[in-house]
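Chemist: Need coordinates for the below:
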Amino acid sequence: MKIYLGADHAGFELKEKLKVYLGELGYEVEDKGNSKYEQDDDYPDFIKKVAEAVSGDVESKGIIIGGSGQGEAICANKIKGIRAVVFYGPKEPINPVDINGKKSVDTFEIIKLSREHNNANILSLGLRFITEDEAKFAIELFLNTKFSGEERHIRRINKID
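Modeler: Just a heads-up that it's a prediction; the model follows:
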C-alpha cells in the first residue's frame, strides 16, 4: 500500500520521523511536502497534494499532520472522494459503542470506527494533542483496520460522495 504524507511547519518534524517509520514497516511512502521546515508555510499547499494523490489512487491512504489536524482535514475533504478524519489522541468514549454485545472502552476506538464505518482514507493528526508513540499506534491501527463493507455504510458513503 502506498502512503502519502503531508504537513506544514507544525507537523514537519513528526512527518519526517513517520516517513522513516512507515518505510521500516514496509509501506511505500511518498512525501507531498513540505520538503523543508518553513515557519511561514501554509498547510493547504501540501494537504491538497496528498488529497489529490489519494483520490487518484484508491488503494492508497494519506497521513496529514498539523497543529490541530482540523484545518488539514477540512482542506483534504474538499477533494472529491476523500474522507479525512481527525485524531486528537486517546480519549475514553463518553458513550461507548456496543460491539457484539459488549461496550467498547478502547481509547483508540474512533480510528477503528472511521475505517470500519466511513472507509476513511486520510488520517489527520493533531500534533499538539498526541505524542509520537500515540501517532504511530494510531497510524498502524488506521492502516490495518478494514472497511466493514456493510450495505448501510456503503449507502451512507455514497450519499456523502
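Chemist: for this structure, what spans make up the helices?
Modeler: In the chain, the segments counted as helices under DSSP state H are 12-24, 44-56, 70-76, 109-116, 132-144, 151-160.
Chemist: what about the ones you listed, which gets the closest to Lys36?
Modeler: Minimum separation from Lys36 across the helices of the chain (Cβ to Cβ) falls at helix 12-24, 7.9 Å. Where C-beta positions appear, they are placed from N, C-alpha and C, glycine not excepted.
Chemist: what angle do the closest one and helix 132-144 make?
Modeler: Counting by axes from the mean of the first three to the mean of the last three Cα atoms, to 10 degrees, helix 12-24 lies at 50 degrees to helix 132-144.
Chemist: now for helix 12-24, which elements pack on it?
Modeler: Where contact means 3 or more Cβ pairs under 8 Å, 6 or more residues apart in numbering; DSSP states H and E, helix 12-24 is packed against strand 2-7, strand 28-31, strand 61-66, helix 132-144.
Chemist: Next, format the helices of the chain as a markdown table and append mean neighbour count.
Modeler: Shown next, in a markdown table, are the helices of the chain (neighbours: other Cβ atoms under 10 Å):
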| stretch | mean neighbour count |
| --- | --- |
| helix 12-24 | 17 |
| helix 44-56 | 21 |
| helix 70-76 | 22 |
| helix 109-116 | 20 |
| helix 132-144 | 17 |
| helix 151-160 | 11 |
